[in-house]
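Enquirer: Here's my sequence, what's the structure:
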Amino acid sequence: MMSDDEDEVKTGGKVGHTGKVGQTNKVEFSEMSGGEQLETLWCMVVRLSPLAGMLEEIQGAITVANTRIQQLEEYQTNIKKNLSCDGLSSILPPLNNQRSVPHPGQGLVPVEHSKDDSGRGPGSIPEQPNILNTKLINKRVVLNVGGERHEVVWKTLDQMPNTRLGKLASATSHQMIMECVDFYSLIDNEFFFDRHPRSFKTILNYYRTGRLHIVDEMCIIAFSDDLQYWGISELWLESCCQNKFMVRKEYVEEEMTKEAQNLKKEASESWGEGRCARSQKFIWDLFERPDSSLGAKVISIVSVLFVVVSTVAMVINTLPALAGPPDESGNPTDNPILSMLETICITWFTLEYILRFAGAPKKCEFLKDAMNIVDVLAILPFFISLAVLESTPEGEDQEGFNDIRKLVSVFRIMRIMRIFKLARHSTGLQSIAYTLKNSYKELALLVLFMSMGVLVFSSLCYFAEKDDEDTMFVSIPATFWWAVITMTTVGYGDMSPRTGVGMCVGALCAVSGVLVMSLPIPIVVNNFAAFYLENKKKEKSLKRREEKIIRQKEEEAERIRIDEEEKTKFLESSFDE
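Expert: All right, here's what the predicted structure looks like:
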């Protein structure tokens, strides 16, 4: 029996011998006895045993990788089966009437080239199984909007099925996809939209959170167009943005409508291609557009001066100190100097009207225009008076013509209409006319309130004052006058209640009149201010448009000059060669 020391030495010798296993070559191992070889192998197994678990994990990972590689190879094999004769993928159909094609790696399909010359051939569009497999394999998708790429989960897009992206998420065929996108690539799992990407972050945020907000720094019409493109209703805007969006959109659309109407009106002014077309346009611009030239401004100023002078002459002609000598019947006559001045002014007005009529592009519309009717009413009384006076025979009894002359005198009062000719050259007067025209509902409401108040307070005051001995309120119609001047706060004082009840009714009538008169006034004032600002904007817009036309003509002339220089240089170089 061995001792412990001998056993330890022997074991130590074995261990020492075993420690040289890593250094033992093939020859030494073959020279060992069978027991030693077995012992050496056992020691090696003991040392490598911790690596067994790692080997099992590596083997499992290799198995999974091989399975994945086989799936990818099968997928690529299915795609290669659909290759066209030129070697491109099915999602890259040949462009119609073109030999150049995009790189196969891009895999983009343009909308206009989704079919080849022969129609929907087997190699022109991707197969439906390929589309479905792509969506099953890739849970996420890349949306390329105007070059800006966004990555989103298909499930997020499924939440809004009636929108463009929702329809894309549920699309199962090439045709359905092409109804939603401009280009797409199944290989890159990317779908391209040829749109500006400014508002798309807000659109995509709506899919993720269900809340839609506007982009403040973006044009409201452009944002509305984007909403329409992506199939999202404006009603889904949040309450914090919906009112702001609708107000701004309505205002912009109203401005665009007015601008379109102005452009349409300007476009309708066509004089044709006749011999007199240029002359007519020149005359029209001279009398109707003061900003078109220096001569037009001078004529506008002269026309205003004639209106002012004729109006002043008509007013001072009624002064007794400036009246002319009486006629044979003792009736006063007009001042000869003022009459001559009146004739000169009427001559100018008549000549101006005839020239404007001659230069008008549309004669019928010219005659129907309100301002032109005012011009006729300002001119016509003079010629009617002149015709009547010239038709009166001299030296005969003229008593039969007295009534006619009185009628003519009354008719000559219409000469005051010429003061409205200033509206042609004054934006403020045009604003007043526009205000009265567009505030007829408010003015009608004011008349209604006034009529009701007059009727009510006239009746109350009549019954309160009818028993007084010296009363002037003898009837309800006679009391209308008192009610009108009281409600309008004029108060002439020719009629006034004397009893206590009548005074109380009068006080209520005055207070009610103030309230009734003040209600529609802000609306009328707003209409006046709106039209006045609109006219100012129109004038500025016309100036900007004229400057733009001038700038375009300059650029066109510069472009033509550059082209001519290039042609000249090319010819010179050709001759030199």
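
Enquirer: elements contacting the helix or strand hosting V304?
Expert: Secondary structure from DSSP states H and E places V304 in helix 294-316. Helices and strands touching helix 294-316, by 3 or more C-beta pairs under 8 Å, 6 or more residues apart in numbering; DSSP states H and E, are helix 277-288, helix 336-359. Any C-beta I mention is one placed from the backbone N, CA and C, and that applies to glycine too.

Enquirer: Regarding this structure, what is its longest helix?
Expert: helix 521-576 (DSSP state H).

Enquirer: Averaged pLDDT, that helix. What do you get?
Expert: Per-residue pLDDT over helix 521-576 has a mean of 81.

Enquirer: Tell me how far it lies from the chain's centre.
Expert: 21 Å (C-alpha atoms, centre = their mean, to the nearest Å).

Enquirer: Next: stretch 470-489.
Expert: 54 Å.

Enquirer: What residues of it count as buried?
Expert: Going by neighbour count (16 or more other C-beta atoms under 10 Å), the buried part of stretch 470-489 is 471, 473, 476, 479-480, 482-487.

Enquirer: go on, stretch 174-193?
Expert: 174, 177-178, 180-186, 189-193.

Enquirer: What's the mean pLDDT across that stretch?
Expert: Here the average pLDDT along stretch 174-193 is 90.

Enquirer: For stretch 311-319, list the C-alpha coordinates in PDB.
Expert: What follows is stretch 311-319, C-alpha atoms only, in PDB (Å, rounded to 0.1, in the frame of the first residue of the first chain):
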ATOM      1  CA  THR A 311     -71.000 124.200 -58.700                       C
ATOM      2  CA  VAL A 312     -69.800 127.500 -57.200                       C
ATOM      3  CA  ALA A 313     -71.100 129.500 -60.100                       C
ATOM      4  CA  MET A 314     -74.500 127.900 -59.800                       C
ATOM      5  CA  VAL A 315     -74.600 128.700 -56.100                       C
ATOM      6  CA  ILE A 316     -73.500 132.400 -56.300                       C
ATOM      7  CA  ASN A 317     -75.700 133.000 -59.400                       C
ATOM      8  CA  THR A 318     -78.700 132.900 -56.900                       C
ATOM      9  CA  LEU A 319     -77.400 136.000 -55.000                       C
END
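
Enquirer: which residues are contacting it?
Expert: 322-323, 334-335, 338-339, 341-342, 345, 415-416, 418-419 (C-beta atoms under 8 Å, 6 or more residues apart in numbering).

Enquirer: doesn't K421 make contact with L429?
Expert: No. Counting by C-beta atoms under 8 Å, L429 stays clear of K421, with 9.6 Å between them.

Enquirer: Settle it for me: which of those two has more neighbours?
Expert: Taking other C-beta atoms under 10 Å, L429 and K421 do not tie; K421 has more neighbours (23 against 15).

Enquirer: what helix or strand is R149 on?
Expert: strand 148-153.

Enquirer: what helices or strands is that strand leaning on?
Expert: Using 3+ C-beta pairs under 8 Å, 6+ apart: strand 148-153 touches strand 140-145, helix 200-209.

Enquirer: Buried residues in the longest one, which are they?
Expert: Of all the residues in helix 200-209, those buried under the rule 16+ other C-beta under 10 Å are 200, 202-204, 206-207.

Enquirer: Extract the CA atoms of that helix and return them as PDB.
Expert: What follows is helix 200-209 as a C-alpha-only set of coordinates in PDB (Å, rounded to 0.1, in the frame of the first residue of the first chain):
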ATOM      1  CA  PHE A 200     -46.500  66.700 -42.900                       C
ATOM      2  CA  LYS A 201     -45.200  66.600 -39.300                       C
ATOM      3  CA  THR A 202     -48.600  68.000 -38.100                       C
ATOM      4  CA  ILE A 203     -50.400  65.500 -40.300                       C
ATOM      5  CA  LEU A 204     -48.300  62.600 -39.000                       C
ATOM      6  CA  ASN A 205     -48.800  63.800 -35.400                       C
ATOM      7  CA  TYR A 206     -52.600  63.600 -36.000                       C
ATOM      8  CA  TYR A 207     -52.200  59.800 -36.800                       C
ATOM      9  CA  ARG A 208     -50.200  59.300 -33.600                       C
ATOM     10  CA  THR A 209     -52.200  61.400 -31.100                       C
END
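
Enquirer: residues making contact with it?
Expert: Outside helix 200-209, the residues touching it (C-beta under 8 Å, 6+ apart) are 143, 145-146, 148, 150, 152, 156-157, 159-160, 165, 211-215, 226-227, 230, 232, 236.

Enquirer: among the residues you listed, which ones are buried?
Expert: 143, 145, 152, 156-157, 160, 165, 212, 214-215, 226-227, 230, 232.

Enquirer: From those residues, which land in helices?
Expert: Among the buried ones among the contacts of helix 200-209, the members that lie in helices (by DSSP H) are 156-157, 165, 226-227.

Enquirer: mind giving me CSV with these and columns for distance to P361 and pLDDT?
Expert: Below are these laid out as CSV (distance: C-beta to C-beta, whole Å; pLDDT from 0 to 100):
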residue, distance to P361, pLDDT
T156, 59, 91
L157, 56, 91
L165, 51, 93
D226, 41, 92
L227, 42, 92
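
Enquirer: Surely W42 forms part of a helix?
Expert: Yes. Counting by DSSP: H, G, I helix; E, B strand; the rest coil, W42 is found in a helix.

Enquirer: can you tell which of the helices and strands packed on helix 294-316 is closest to I137?
Expert: Minimum separation from I137 across the helices and strands packed on helix 294-316 (C-beta to C-beta) falls at helix 277-288, 69.9 Å.

Enquirer: Can you point out the buried residues in the closest one?
Expert: 280, 283-287.

Enquirer: quick revisit: comparing the helices and strands packed on helix 294-316, which yields the minimum mean pLDDT?
Expert: helix 277-288 (a mean of 84).

Enquirer: Which neighbouring elements make contact with it?
Expert: helix 294-316, helix 336-359.

Enquirer: For A387, find the nearest of the ones you listed.
Expert: When those are compared (using C-beta to C-beta), the closest one is helix 336-359, at 13.3 Å.

Enquirer: For stretch 142-152, C-alpha coordinates in PDB please.
Expert: Only the C-alpha atoms of stretch 142-152 are listed here, as PDB (Å, rounded to 0.1, in the frame of the first residue of the first chain):
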ATOM      1  CA  VAL A 142     -40.700  54.800 -44.500                       C
ATOM      2  CA  LEU A 143     -42.800  57.700 -45.900                       C
ATOM      3  CA  ASN A 144     -40.800  60.000 -48.100                       C
ATOM      4  CA  VAL A 145     -42.600  63.400 -48.400                       C
ATOM      5  CA  GLY A 146     -40.800  65.800 -50.700                       C
ATOM      6  CA  GLY A 147     -37.400  64.300 -49.800                       C
ATOM      7  CA  GLU A 148     -38.000  64.200 -46.000                       C
ATOM      8  CA  ARG A 149     -38.200  60.700 -44.700                       C
ATOM      9  CA  HIS A 150     -40.400  59.700 -41.800                       C
ATOM     10  CA  GLU A 151     -40.600  56.200 -40.200                       C
ATOM     11  CA  VAL A 152     -43.900  55.100 -38.800                       C
END
